[in-house]
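Peer 1: Sequence below, structure please.
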Amino acid sequence: MVSHGREADPTIDPAATDVLAAYESAWEARKSTADCYRAGVWAWRQAHPDQKPAYAAQRAVAVILAAKVSLRIDDV
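Peer 2: Have a look, this model is predicted:
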């Protein structure tokens, strides 16, 4: 069955904590940015083995970006 509704916010998923911990651990180990994201995706997939890899990657990256990216707008 295909869902056409709004998807749940991945940042409130119980796996989000593990995703961020895996990302941070890889970052502290001075891994490449790609490896840091891979670590987060791996953590998400451990919590959600039923999800397709591409979907799981999207969810994990959304969690990481929500926690790590900030937008700064300078006064003009």
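Peer 1: From now on I want contacts and neighbour counts done on CA atoms only, so please keep to that.
Peer 2: Fine.
Peer 1: Secondary structure element holding the residue nearest the centre of the chain?
Peer 2: The residue lying closest to the centre of the chain (CA atoms, centre = their mean) is residue 60, at 2.3 Å. Using DSSP states H and E, residue 60 maps to helix 53-68.
Peer 1: ok, the residue nearest to the centre of the chain to residue 13 distance?
Peer 2: 10 Å (CA to CA, to the nearest Å).
Peer 1: So the residue nearest to the centre of the chain sits against residue 38, correct?
Peer 2: No. Residue 60 is beyond contact range of residue 38, at 9.1 Å (criterion: CA atoms under 8 Å).
Peer 1: Please read off the pLDDT at residue 31 from the model.
Peer 2: On pLDDT, residue 31 comes in at 98.
Peer 1: Use 384 as the first number for this chain going forward.
Peer 2: Will do, 384 is the new start, and the previous item becomes residue 414.
Peer 1: where's it, which helix or strand?
Peer 2: Assigned by DSSP H and E, residue 414 belongs to no helix or strand.
Peer 1: burial measure for it, as a count.
Peer 2: 15 (other CA atoms under 10 Å).
Peer 1: One more: residue 404?
Peer 2: Count around residue 404 with other CA under 10 Å applied: 16.
Peer 1: same deal with residue 395?
Peer 2: Counted with other CA under 10 Å, residue 395 comes out at 10.
Peer 1: do the same with the one 5 residues further on
Peer 2: Other residues near residue 400 come to 17 when the count uses other CA under 10 Å.
Peer 1: any idea how far it lies from residue 454?
Peer 2: Residue 400 is 22 Å from residue 454, where distance means CA to CA.
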